[in-house]
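1. Starting from these lines, generate the structure:
(one chain, ligands or ions: 2)
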Amino acid sequence: MKLDVDVLRYLSKDDFRVLTAVEMGMRNHEIVPAELVDRIASLKHGGTYKVLKNLLRHKLLHHDSSKYDGFRLTYLGYDFLAIKTMVNRGVFTAVGRQLGVGKESDIFEVAREDGTVLAMKLHRLGRTSFRAVKSKRDYLRHRSSYNWLYLSRLAALKEFAFMKALEEHGFPVPNAIDCNRHCVIMSLVQGYPLMQVKQLQNPETVFETILGLIVRLAEHGLIHCDFNEFNIMIDDDEKVTVIDFPQMVSVSHRNAQMYFDRDVECIFKFFRKRFNLTFQETRDADDGSDVDTDENARPSFSSISKTAGFLDKELAASGFTTKAQDDIEKFIGGNEKDLGSDNEGSDDSNVCELNETNVNGVDSLHLVEQNVIHEEPSSSSSKMESVSEENHQ
Ligand code: ADP
Ligand code: MG
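-> Numbers count the residues shown, from 1 in each chain. Ligands and ions are numbered 1, 2, ... in the order given. This next block holds a predicted model:
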């Protein structure tokens with residue numbers, strides 16, 4: 001998806017105020033009635049409808065008049081809210097090229113004022129799997145939009161919390177810098193996904209390192225659950241960095257053993273195929289592929305001394321609640337139906353900055369001020385598109 005941040009520079013305070021009003025309205029409306037947007041935004045000089053038209057023109061909102069006249073945020077609208085908040089916080093000042101398109105995310109380069117380049121991951125939970133779910137009215141009821149916002153936000157918070165905790169425990173992960181809404185800012189990993197690496201000087205060493213990481217994660221009570229050549233980055237010195245954490249689970253998860261074995265198997269398989277590593281004794285499986293039968297070569301889940309609870313202790317402090325963990329796990333695990341209607345109250349205020357209590361209220365407005373409408377000077381970086389305002393009063 002193209003992220004045209006040029007528009008962002010030309011959006012006014014009123015534009016952001018109305019955009020934020022739609023976001024607030026979406027907490028309990030799939031489509032937010034125009035009058036409600038107007039009431040929440042309560043622009044000093046009026047003109048909400050004109051602003052709505054402008055936002056619509058820039059594809060930041062979607063208009064729906066099938067039942068009543070109303071609006072909802074688009075991904076782009078949500079991206080802009082997160083980017084604006086980050087820029088206001090001084091996290092970065094410019095957005096550059098797209099680094100990757102993940103299964104459920106878009107990753108872009110962003111630059112700090114001093115030119116340091118960072119990575120911005122915009123979570124799009126529901127992009128691939130959501131459509132399939134969309135027809136299930138019993139699951140979605142009236143809150144399909146609410147759910148993609150909620151789930152993408154949870155995914156970002158989980159990723160941020162895990163990255164930070166793992167970094168603190170000495171794991172080779174990107175440096176977690178900030179998180180807002182569905183957006184995570186982290187250090188840029190120099191190197192390439194292992195998937196793109198055709199040759200290694202020391203494949204055995206890299207293999208051992210990677211396998212060692214799976215074991216060390218389990219010792220810390222965690223399983224990555226998507227530990228494969230797409231989520232392992234390798235630099236020119238063959239240093240390994242692990243990325244992509246929204247699907248991680250605790251070793252006390254009911255399917256822990258299966259997830260652990262699957263991660264291990266992925267690595268064996270990849271190194272066997274790509275780098276021709278051989279593991280003592282293999283036999284042909286029925287489908288003709290090699291199956292490793294030497295159990296001694298593999299780390300065994302049951303023999304690892306695991307410290308469950310790392311997850312709970314270290315992550316609770318970050319605002320990533322057990323309920324949030326449950327919700328996201330149900331979705332990522334494919335049991336979307338379970339998420340059901342009971343997540344209304346779980347739209348945990350810690351998840352992002354919109355921590356107002358008065359959801360319907362017109363006087364949540366001070367929060368709009370806090371969240372989005374601060375402006376800070378920023379400068380552009382050469383290759384990057386600046387996101388600083390140009391036409392603001
Ligand atoms: P997804 O959850 O959608 O799979 P990932 O976190 O795996 O997203 O990121 C997708 C791709 O973006 C990665 O394979 C990698 O190429 C790139 N990428 C992600 N994070 C970084 C980073 N911090 N630095 C450099 N590239 C990154
Ligand atoms: Mg990935």
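
2. Tell me the spacing between Arg262 and ligand 1.
-> Per C-beta to the nearest ligand atom, to the nearest Å, Arg262 is found 16 Å from ligand 1. Placement of C-beta: from N, CA and C, glycine included.

3. for the nearest residue to that residue once chain neighbours are set aside, what are its contacts?
-> Sequence neighbours aside, Cys225 is the residue nearest to Arg262 in space, at 7.7 Å (criterion: C-beta to C-beta, 6 or more residues apart in numbering). Contacts for Cys225 (C-beta atoms under 8 Å, 6 or more residues apart in numbering) come out as 247-249, 259, 262-263.

4. what separates Cys225 from Ser12, distance-wise?
-> According to C-beta to C-beta, to the nearest Å, Cys225 and Ser12 sit 43 Å apart.

5. now do Lys383
-> Separation of Lys383 from Ser12 (C-beta to C-beta) stands at 27 Å.

6. out of these two, which sits in the busier spot?
-> Higher neighbour count among Lys383 and Ser12: Ser12, with 15 against 12, using other C-beta atoms under 10 Å.

7. Per-residue pLDDT of that one, please?
-> For Ser12, the pLDDT comes out at 94.

8. for Asp286, same thing?
-> Reported pLDDT for Asp286: 60.

9. what's the most distant pair in the contacts of Cys225?
-> Farthest apart among these by C-beta to C-beta are Met248 and Arg262. That separation is 13.2 Å.

10. The two: which is more packed in?
-> Per other C-beta under 10 Å, whichever of Met248 and Arg262 has more neighbours is Met248, with 25 against 16.

11. Quick check, the more buried one in contact with His220.
-> No: judged on C-beta atoms under 8 Å, Met248 makes no contact with His220 at a distance of 10.8 Å.

12. Residues in contact with stretch 301-312: which ones?
-> 165, 215, 218-222, 250-252, 256-257, 260-261, 322, 325.

13. Among the residues you listed, name the ones in strands.
-> Within these, residues falling in strands by DSSP state E are 222, 250.

14. Can you select the buried ones among the contacts of stretch 301-312 for me in PyMOL?
-> Buried residues within the contacts of stretch 301-312, by 16 or more other C-beta atoms under 10 Å, are selected in PyMOL with:
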select buried, resi 165+215+218+220+221+222+250+251+256+260+325
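
15. Okay, and which of the contacts of stretch 301-312 map to helices?
-> Per DSSP state H, helices hold the following members of these: 165, 215, 218-219, 256-257, 260-261, 322, 325.

16. Looking at the residues you listed, which is nearest Val197?
-> Out of the ones in helices among the contacts of stretch 301-312, the member with the shortest distance to Val197 (by C-beta to C-beta) is Val215, at 22.2 Å.

17. ok, now how distant is the closest one from Phe260?
-> Counting by C-beta to C-beta, the gap from Val215 to Phe260 is 9 Å.

18. Quick check: chain neighbours aside, which residue is closest to the residue in the stretch 201-350 of the chain that ligand 2 sits nearest to?
-> Relative to ligand 2, the nearest point of the stretch 201-350 of the chain is Asp244 (3.8 Å; C-beta to the ion). Using C-beta to C-beta, 6+ apart and skipping the chain neighbours, the partner closest in space to Asp244 is Asn231 (4.2 Å).

19. Next, count neighbours for the one you found.
-> Applying other C-beta under 10 Å, I find that Asn231 has 20 neighbouring residues.

20. Surely it is in contact with His224?
-> Yes: assessed by C-beta under 8 Å, Asn231 is found in contact with His224 at 7.4 Å.

21. what is in contact with those two at once?
-> Val242.

22. May I see the buried residues of the helix or strand hosting Phe207?
-> Using DSSP states H and E, Phe207 falls within helix 203-219. By neighbour count with 16+ other C-beta under 10 Å, helix 203-219 contains the buried residues 203, 206-207, 209-211, 213-215, 217-218.

23. List every C-alpha atom in stretch 60-74, with coordinates, as PDB.
-> These are the backbone C-alpha positions of stretch 60-74, laid out as PDB (Å, rounded to 0.1, in the frame of the first residue of the first chain):
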ATOM      1  CA  LEU A  60      -8.600   9.200   5.100                       C
ATOM      2  CA  LEU A  61     -12.300   8.400   5.700                       C
ATOM      3  CA  HIS A  62     -14.900   6.200   4.100                       C
ATOM      4  CA  HIS A  63     -18.400   7.500   3.600                       C
ATOM      5  CA  ASP A  64     -21.300   5.200   4.100                       C
ATOM      6  CA  SER A  65     -24.900   6.300   3.700                       C
ATOM      7  CA  SER A  66     -26.600   2.900   3.400                       C
ATOM      8  CA  LYS A  67     -28.300   3.200   6.800                       C
ATOM      9  CA  TYR A  68     -27.500   6.700   7.800                       C
ATOM     10  CA  ASP A  69     -25.100   9.400   6.900                       C
ATOM     11  CA  GLY A  70     -21.800   8.300   8.500                       C
ATOM     12  CA  PHE A  71     -18.000   7.800   8.300                       C
ATOM     13  CA  ARG A  72     -15.300   5.400   9.300                       C
ATOM     14  CA  LEU A  73     -11.600   5.600   9.300                       C
ATOM     15  CA  THR A  74      -9.600   4.000   6.400                       C
END
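
24. Give me the residues contacting stretch 14-22.
-> Residues from elsewhere that reach stretch 14-22 (C-beta under 8 Å, 6+ apart): 11, 32, 36-38, 40-41, 43, 47-48, 51-52, 54-55, 60-61, 71-73, 77, 80-81, 84, 368, 371-373.

25. Tell me which residue in this structure sits closest to ligand 1.
-> At 1.6 Å from ligand 1, Gly102 is the closest residue in the chain, using C-beta to the nearest ligand atom.
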